[in-house]
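Engineer: Okay, sequence plus prediction incoming.
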Amino acid sequence: MASWFYASEGKQQGPYPEGQFRDLVAQGIVRPDTLVWSEGMAGWQKAAEIPGLVGGAGGPPMMPTGGPPMMGSSAYAGGGGGGSLAVDFGILEFTWRSIVMLIGMCFIIPVPWVFVWYTKWIVSCVKVPGRPNLSFTGNAMALVPWYFGFIVLAIVIGFLGVPLLSNLIFIAQIVLYWLLIKWMVANLASNGQPLGLSFTGTVWAYVGWSLLFAISIITIIGWAWVAAAQMRWFCRSIEGTRREIVFNGSGLGILWRGIVAAFLCGFLIPIPWVYRWIMNWFASETVLAPRGSLRA
């Protein structure tokens, strides 16, 4: 009977007997995108590429025998390897999901549930080197106290009619965005296992970046360089990974793409293609590298 290995959390799992391994497939622990290896295979392959493993008929293709390739080899980058992120999603799926989300937000109350539903989908479209099957495990109920608490605060301040208190709404909104970022980062998973990431940027730093971005808009073009710097700060503030997360995009790159995107979105129909184009660029400029490898 064949013995199987699979990749999870950048580590090699196994060996598993054929029957037990197929149970893992049936349970969804080994998914179509999971990298697997068995005797007779030259290197690691996605489970979906092995005939008869995730569906269909037949057995795995016969290849030269040998031990499983090391997880850090060129066959599989593993958790310590490097590379840039990528985003891939269908235009039709993006369109209908975005329309559903916009409709849900118009009704206000469903916002937490619609947001989590949409986030789970968009995160699954992000491809991270060495982290197969990226997913988001957050629950909408965690957002309910923050979201409805903010609505109540806004209603009370509006009822009081004190202009100076409107600044409190602005500050509360920034704090909520900061909490949202921390919560989203903490709920990222790979192959169903939490990544254990955390966002360590302080609320005061986030307030500062938000104010700087608002001021930079006055300069017409300066916002792009502030956005690039903020992205680099955001990446540096994510901890819990053995690799450095670095954003290499420039302010100029953000600026001209922003201008093109604004122009094309004015025609409405190109919006899905523009959104995918922008997301792919930001992803391609976000690089994972072994710690210290990017320092002089």
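Structural biologist: Yep, that arrived. Numbers count the residues shown, from 1 in each chain.
Engineer: So what's the residue count around residue 24?
Structural biologist: The local packing of residue 24 (other Cβ atoms under 10 Å) involves 19 other residues. From N, CA and C alone the C-beta is placed, and that goes for glycine too.
Engineer: Report the mean per-residue pLDDT for stretch 182-202.
Structural biologist: Across stretch 182-202, the average pLDDT comes to 89.
Engineer: Tell me which residues of that stretch come out buried.
Structural biologist: Going by neighbour count (16 or more other Cβ atoms under 10 Å), the buried part of stretch 182-202 is 182, 184-191, 195, 197, 199, 201.
Engineer: Just say helix, strand or coil for residue 7.
Structural biologist: Assigned by DSSP: H, G, I helix; E, B strand; the rest coil, the conformation of residue 7 is strand.
Engineer: wait, it sits on residue 34?
Structural biologist: Yes - if you go by Cβ atoms under 8 Å, residue 7 and residue 34 touch, sitting 6.6 Å apart.
Engineer: Just the strands from the stretch 101-250 of the chain, written as ranges.
Structural biologist: 126-127, 134-136, 188-190, 193-194, 198-199, 238-239, 243-247 (DSSP state E, counting those that start in this stretch).
Engineer: Could you list the low-pLDDT ranges of the stretch 51-200 of the chain?
Structural biologist: Scanning the stretch 51-200 of the chain for pLDDT under 70 picks out 55-82.
Engineer: what do you get if the cut-off is 80, keeping everything else the same?
Structural biologist: Counting by pLDDT under 80, the ranges of the stretch 51-200 of the chain that qualify are 54-83, 129-132, 161-166, 191-193.
Engineer: Let me know the helix or strand that residue 282 is in.
Structural biologist: Residue 282 is located in helix 271-284, with elements delineated by DSSP states H and E.
Engineer: name the helices or strands packed onto that helix?
Structural biologist: If contacts are counted by 3 or more Cβ pairs under 8 Å, 6 or more residues apart in numbering; DSSP states H and E, helix 271-284 sits against strand 86-87, helix 91-106, helix 251-265.
Engineer: so how far is residue 279 from the closest residue to residue 125 other than its chain neighbours?
Structural biologist: Excluding its sequence neighbours, the residue lying closest to residue 125 (Cβ to Cβ, 6 or more residues apart in numbering) is residue 89, at 4.2 Å. Distance, residue 89 to residue 279, using Cβ to Cβ, to the nearest Å: 8 Å.
Engineer: need the helices for the chain, in chain order.
Structural biologist: Along the chain, the stretches classed as helices by DSSP state H are 18-26, 91-106, 111-124, 144-160, 166-186, 203-216, 222-236, 251-265, 271-284.
Engineer: For the residue most central in space within the chain, list the residues it contacts.
Structural biologist: Nearest to the geometric centre of the chain sits residue 123, at 4.3 Å (Cα atoms, centre = their mean). Applying Cβ atoms under 8 Å, 6 or more residues apart in numbering, we find residue 123 in contact with 134, 135, 136, 188.
Engineer: Would you mind putting those residues into TSV with distance to residue 216 alongside?
Structural biologist: Formatted as TSV, these follow (distance: Cβ to Cβ, whole Å):
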residue	distance to residue 216
134	32
135	34
136	30
188	29
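Engineer: quick one: which of those residues is most hemmed in?
Structural biologist: Neighbour max across the contacts of residue 123 (other Cβ under 10 Å) = residue 188, 21 neighbours.
Engineer: now that residue, which residues is it bridged with?
Structural biologist: Residue 188 has the following beta-bridge partners by DSSP bridges: residue 136.
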